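**Student:** with the input below, show me the fold.
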Amino acid sequence: METKEKTVNGKDPPINPLSKHGNDQSHHPGHSLLKVFVLVTGVYCLLYLGENRTLGGSQKLPYPGSRTVALTQEKRGKCFPEEKNPLVHVQDSRTYLVASYVEQRSRPSKVRTIAIVKRTEYVSYFCTFCCDDALRNSSATYEIHSDNFGFDYGTADIMCLIPKNCSMPTHVAVYKGPLGPQKLQFLPIHNQHEQYGPFPYQFTICISVMYEYANVLQLVQTLEMFKLLGAHHVAIYQSSCNAAAQRVLDHYVQEGFVEIIPWPITKYLNVSRGWQRSVSPGDVHYFGQIAALNDCVYRFMYQTKYIVLQDLDELIVPLHVDSWVELLPLLEQKHGVSTSFEFENNVFRSTWGGRNAAQRPKEWRGVPGVDILDHVWREPNDPNAFNNFKVIVNPRTVYSTSVHGLLSADSSGVRVDRNVARMYHIREPYRLDVTTEDLITDERLWDFAPRLIPAVSDVLNKTFSK
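**Tutor:** All right, here's what the predicted structure looks like:
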């Protein structure tokens with residue numbers, strides 16, 4: 001994906017105009033002024049370069065990449081300890097860094113730092129790499145993603161050019177230039193090695209974002225359904241949940257199936273709890289969901305064969321086979337391997353069910369949350385309207401993604417036939433024009449019940465019987 005330097009309204013950053021005193025010939029003869037200027041400039045350069053810095057010849061690159069600072073034993077600690085906060089604030093800006101990754105697909109080599117930025121703020125970013133035995137400086141460009149749903153903050157990619165004399169950078173600091181007295185905050189650089197298999201995981205699911213979560217029963221049912229469908233790893237970007245949900249998560253983390261990525265975005269920004277700013281005001285869309293999804297794609301790019309982008313109240317379910325392991329080869333045989341597969345959303349109303357609590361297994365009784373097996377009536381999709389979807393894709397073909405579909409990718413998107421596989425979305429009613437009489441019976445989830453019910457009961461028994 002090509003990147004470019006970001007400008008606002010097509011304008012470069014403002015440059016201070018010359019002082020009137022510089023043109024006042026009556027008070028300062030030209031030759032005297034020139035001598036003073038040369039003297040002051042010479043002293044400034046000596047002082048400036050004496051601090052291991054270079055005097056930049058242009059606004060774009062005040063710190064040339066060829067300039068290095070040797071890491072003496074005293075200075076080697078400058079990259080450490082590395083920044084441990086999940087989000088790192090760039091000083092004197094409204095930029096928050098998520099994580100940094102080697103962009104293996106770019107030439108020349110670059111490091112991509114995923115960030116959340118104020119869209120109207122122009123910032124000149126610069127980078128310092130920890131590389132070999134030296135600190136090396138570099139320029140940066142950035143691009144703000146097109147999907148932001150009208151919120152002030154959006155996801156951005158800050159691209160740092162890796163200096164030619166830097167064979168293996170381990171950490172990078174991104175800062176607002178020029179470099180002043182601020183302390184550099186170094187992020188570890190991930191994806192150091194390009195891999196194309198075999199991978200530790202075949203299917204990794206990205207869940208963003210878990211906030212104020214208390215739907216315990218559906219959480220266990222969904223995670224167990226993920227296993228039945230063929231998932232090997234689930235990454236959850238967690239903002240907050242109640243104690244019962246945390247006990248469930250702890251069980252799956254200990255098991256090695258779930259990985260929690262802390263996402264304390266509420267400490268930094270006023271977040272929206274929805275996608276419509278007029279309905280749910282805030283600085284950034286839905287707890288910064290888009291930034292989390294992009295981070296997940298890069299975090300697991302070389303650890304998994306496929307990435308599944310969906311939420312905890314959604315299940316991508318094949319209709320004629322029982323798992324993604326069986327489904328994906330069939331889809332790739334028909335559409336090709338360089339394809340992102342889009343699964344159409346179908347709403348199953350959580351307010352309309354067929355069982356009561358007494359019919360549930362004894363281990364389920366008293367556990368708060370939605371029982372997905374109760375909700376087998378879906379709303380008909382409007383054939384004349386856009387119907388949302390979620391994606392399963394090879395992450396190595398993706399450059400940027402949004403909530404529903406990819407923004408930039410080497411893969412082409414294909415909408416999977418809804419009679420082959422579809423997304424089951426258990427939630428409150430979506431189409432208010434549809435009555436309960438118009439709902440369609442769809443009992444596909446019941447086919448998984450003989451394996452799902454004992455698995456859920458076992459987890460609940462282990463988690464809450466102690």
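**Student:** checking Leu187 next. Helix, strand or coil?
**Tutor:** strand (DSSP: H, G, I helix; E, B strand; the rest coil).
**Student:** same question for Lys84.
**Tutor:** Quick answer, by three-state DSSP: Lys84 is coil.
**Student:** how close does it sit to Asn215?
**Tutor:** 30 Å (CB to CB, to the nearest Å). To be clear about C-beta, it is placed using only N, CA and C from the backbone, and glycine gets the same treatment.
**Student:** the more surrounded of the two?
**Tutor:** Asn215 (21 against 9; other CB atoms under 10 Å).
**Student:** the more buried one against Asp371, yeah?
**Tutor:** No. Asn215 is beyond contact range of Asp371, at 10.5 Å (criterion: CB atoms under 8 Å).
**Student:** burial of the closest residue to Asp152 other than its chain neighbours, as a residue count?
**Tutor:** Closest residue to Asp152 apart from its sequence neighbours, by CB to CB, 6 or more residues apart in numbering: Asp283 at 5.3 Å. Using other CB under 10 Å, Asp283 has 18 neighbouring residues.
**Student:** ok so Glu332 is a strand residue?
**Tutor:** No. Under three-state DSSP, Glu332 sits outside any strand and is assigned helix.
**Student:** backbone phi and psi for the closest residue in space to it that isn't next to it in sequence, please?
**Tutor:** Leaving out its chain neighbours, the residue that sits closest to Glu332 by CB to CB, 6+ apart is Thr339, at 6.9 Å. Here is the backbone geometry of Thr339 (degrees, to the nearest 10): phi -140, psi 140.
**Student:** give me the low-pLDDT residue ranges for the stretch 51-200 of the chain?
**Tutor:** Residue ranges of the stretch 51-200 of the chain with pLDDT under 70: 51-81, 179-181.
**Student:** that one: strands as residue ranges?
**Tutor:** 68-70, 88-90, 95-103, 110-118, 125-131, 134-144, 153-161, 169-176, 186-190 (DSSP state E, counting those that start in this stretch).
**Student:** now the stretch 251-400 of the chain
**Tutor:** 258-262, 304-310, 314-318, 339-349, 377-378, 389-393, 398-401.
**Student:** which of those strands sits closest to Val414?
**Tutor:** strand 339-349 (5.2 Å; CB to CB).
**Student:** what angle separates the closest one from strand 389-393?
**Tutor:** 140 degrees (axes from the mean of the first three to the mean of the last three CA atoms, to 10 degrees).
**Student:** just give me how far strand 339-349 sits from the chain centre.
**Tutor:** Taking CA atoms, centre = their mean, to the nearest Å, one finds the center of strand 339-349 at 21 Å from the center of the full chain.
**Student:** same check, this time on stretch 383-393
**Tutor:** So, by CA atoms, centre = their mean, the centroid of stretch 383-393 is 21 Å from its chain's centroid.
**Student:** contacts for that stretch, please.
**Tutor:** Contact partners of stretch 383-393, identified using CB atoms under 8 Å, 6 or more residues apart in numbering, comprise 203, 306-311, 314, 316, 324, 328, 339-345, 381, 401, 404-406, 409, 411, 413, 415, 423.
**Student:** and the strands of the stretch 251-400 of the chain as a markdown table, adding distance to Asn419 and mean pLDDT?
**Tutor:** Below are these laid out as a markdown table (distance: least, CB to CB, whole Å; pLDDT from 0 to 100):
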| stretch | distance to Asn419 | mean pLDDT |
| --- | --- | --- |
| strand 258-262 | 32 | 97 |
| strand 304-310 | 20 | 97 |
| strand 314-318 | 11 | 98 |
| strand 339-349 | 10 | 97 |
| strand 377-378 | 14 | 96 |
| strand 389-393 | 15 | 97 |
| strand 398-401 | 26 | 96 |
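**Student:** closest to Val90 out of those?
**Tutor:** strand 258-262 (19.2 Å).
**Student:** can you mark which positions in the closest one are buried?
**Tutor:** By neighbour count with 16 or more other CB atoms under 10 Å, strand 258-262 contains the buried residues Val258, Ile260, Ile261.
**Student:** got it, and stretch 348-362?
**Tutor:** Quick answer for stretch 348-362 (16+ other CB under 10 Å): Phe348, Arg349, Ser350, Gly353, Arg360.
**Student:** out of these, who's nearest Gly274?
**Tutor:** So of these, ranked by how close each gets to Gly274 (CB to CB), first place is Ser350, at 17.2 Å.
**Student:** so what's that closest one scoring on pLDDT?
**Tutor:** With respect to pLDDT, Ser350 has a value of 93.
**Student:** cool, and Val43?
**Tutor:** pLDDT, Val43: 38.
**Student:** what's the answer for the one 4 residues further on, then?
**Tutor:** Predicted confidence (pLDDT) for Leu47: 37.
**Student:** repeat for the one 3 residues further on
**Tutor:** pLDDT, Gly50: 35.
**Student:** returning to what we had before: pull the most distant pair out of the buried residues of stretch 348-362.
**Tutor:** Across those (CB to CB), the longest gap, 18.8 Å, separates Arg349 and Arg360.
**Student:** enumerate every residue touching Gln91.
**Tutor:** Tyr175, Lys176, Gln182.
**Student:** please read the previous query as pertaining to His233.
**Tutor:** Pro200, Tyr201, Phe203, Thr204, Ile205, Phe257, Val258, Glu259, Phe300, Gln303, Thr304.
**Student:** how about a cut-off of 7 Å?
**Tutor:** Tyr201, Thr204, Phe257, Glu259, Thr304 (CB atoms under 7 Å, 6 or more residues apart in numbering).
**Student:** do the same with Cys296
**Tutor:** So Cys296 contacts Cys206, Ser208, Ala235 (CB under 7 Å, 6+ apart).
**Student:** shouldn't the second one be within a strand?
**Tutor:** In other words, Ser208. Yes. Checked against three-state DSSP, Ser208 lies within a strand.
**Student:** partners of it in the sheet?
**Tutor:** Tyr237 (DSSP bridges).
**Student:** so the residue nearest to Glu332 is in contact with Val414, correct?
**Tutor:** Yes. Using CB atoms under 7 Å, Thr339 is in contact with Val414, at 5.2 Å.
**Student:** so between these two, which is more surrounded?
**Tutor:** Set Thr339 next to Val414 and count neighbours by other CB under 10 Å: Thr339 wins out with 21 against 14.
**Student:** so which of the strands of the stretch 251-400 of the chain comes closest to Thr113?
**Tutor:** strand 398-401 (13.3 Å).
**Student:** list the neighbouring strands of the closest one plus their orientation.
**Tutor:** Strand 398-401 has these strand partners (DSSP bridges): strand 406-409 (antiparallel).
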